[in-house]
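Colleague: Okay, here's the prediction I keep looking at, along with the sequence it came from:
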Amino acid sequence: SLFAQAELINPSVKSLAPGLSLESAIQQALKSNLALKIEEGNVNSAAENLALANSSYKPALSINANGSTIAEEQAELSQGAQAEHTLSANIKVEQLLFSEERSANISIQEHLYQAAKHTFEKQTLDIIQLTATAYFDVLRAKTARKIQYENSKLTQKNLDVAKQREAAGYAGLSDVYRWKSQLATLTTELLIAENNYKVAKAQLNQTLNRPLNTDTNIEDATLNNNPFAERYKTYIKHYVNTPKSLVLITDFFISEASNNSPEIQTINSKTAA
């Protein structure tokens, strides 16, 4: 209970932990996330398969050489029919002009390569969304912890007042017991909020492929200090002022999402393959 109700007396001093903004969190996730690295490996593998399929139409060069040596006496006895030393070589160049099977394989591998790229793009967008969600979960948990701490602090003051009123004979013990009970409940909620905050930070660290107990100084995110602020002010803000404009921009986003959806493009590429 002592730790739960302890107050940081100088919160203005910056934490020694490195600061992490929304933009830097997304960049770090795109660089380090393991799921994204797996999809990147799948793209490289598909590229190798495509290169291997294309190589079937490249010219093939083969060189063979044979040499033999017989005893000098045996060569003399053959009276020229057999040479003592014999060397033969041949060079063969082959070029495939057309193969329906290999041409189809090239086309198939091209479609599978495009499908792998679209899957990688989907995973990239998923990681961005997952990181942003985890980032805001940390901020929400941090705020909830602060609110529970303030509630606990206020309840403690009310308990102190109730004890003074009871000591002065102005009120009975019922108020003291009521505030004690509420303080106990709030202390439990404060500990839950603290635990939720730690879990949220661990989930963010997992997304960033860092040790789960890595301490991080999470910066607050607003519409004025994140990478989407200028885009919001320039392209979106004046479209959400009225219900009609909101419907228009919503329909536009749905249309753009359908046309550029990597999931749909992946399905199309695999279907073509």
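Modeller: All right, it came through fine.
Colleague: Mind jotting down where the strands sit in the protein?
Modeller: 19-20, 60-69, 85-94, 217-218 (DSSP state E).
Colleague: Strand partners (parallel or antiparallel) of the second one?
Modeller: Here strand 60-69 has these sheet partners by DSSP bridges: strand 85-94 (antiparallel).
Colleague: Now the partner strand - C-alpha only, PDB.
Modeller: Extracted C-alpha coordinates of strand 85-94, given in PDB (Å, rounded to 0.1, in the frame of the first residue of the first chain):
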ATOM      1  CA  HIS A  85      48.500 -39.700 -76.100                       C
ATOM      2  CA  THR A  86      44.900 -38.900 -77.100                       C
ATOM      3  CA  LEU A  87      42.900 -35.800 -76.200                       C
ATOM      4  CA  SER A  88      39.400 -35.000 -77.400                       C
ATOM      5  CA  ALA A  89      37.000 -32.100 -76.500                       C
ATOM      6  CA  ASN A  90      33.600 -30.800 -77.500                       C
ATOM      7  CA  ILE A  91      31.700 -27.700 -76.800                       C
ATOM      8  CA  LYS A  92      27.900 -27.700 -76.900                       C
ATOM      9  CA  VAL A  93      25.500 -24.600 -76.800                       C
ATOM     10  CA  GLU A  94      21.800 -25.100 -76.200                       C
END
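Colleague: What are the buried residues along stretch 246-262?
Modeller: Neighbour counts over stretch 246-262 (16 or more other Cβ atoms under 10 Å) mark 261, 262 as buried. Where C-beta positions appear, they are placed from N, C-alpha and C, glycine not excepted.
Colleague: and for it, what are the contacting residues?
Modeller: Outside stretch 246-262, the residues that touch it by Cβ atoms under 8 Å, 6 or more residues apart in numbering are 118, 119, 121, 122, 125, 236, 239, 240, 264.
Colleague: Distance from that stretch to the middle of the chain?
Modeller: Relative to the chain's own centre, stretch 246-262 is displaced by 23 Å; criterion: Cα atoms, centre = their mean, to the nearest Å.
Colleague: do stretch 27-43 as well
Modeller: On the basis of Cα atoms, centre = their mean, stretch 27-43 is displaced by 6 Å from the centre of the chain it belongs to.
Colleague: Number the chain from 318, please
Modeller: That works, and once the first residue is 318, the last one we named lands at stretch 344-360.
Colleague: residue contacts, residue 458?
Modeller: 510, 513, 514, 516, 517, 518 are the contacts of residue 458 under Cβ under 8 Å, 6+ apart.
Colleague: likewise residue 388?
Modeller: Contact criterion Cβ under 8 Å, 6+ apart gives residue 401 as the residues in contact with residue 388.
Colleague: Same list (the contacts of residue 458) but as TSV, adding distance to residue 409, pLDDT and neighbour count.
Modeller: Putting the contacts of residue 458 into TSV (distance: Cβ to Cβ, whole Å; pLDDT from 0 to 100; neighbours: other Cβ atoms under 10 Å) gives the following:
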residue	distance to residue 409	pLDDT	neighbour count
510	78	93	23
513	72	95	18
514	72	93	21
516	68	95	14
517	67	95	22
518	66	94	21
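Colleague: Format the residues you listed as a markdown table; extra columns: distance to residue 529.
Modeller: Below are the contacts of residue 458 laid out as a markdown table (distance: Cβ to Cβ, whole Å):
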| residue | distance to residue 529 |
| --- | --- |
| 510 | 19 |
| 513 | 15 |
| 514 | 14 |
| 516 | 10 |
| 517 | 11 |
| 518 | 8 |
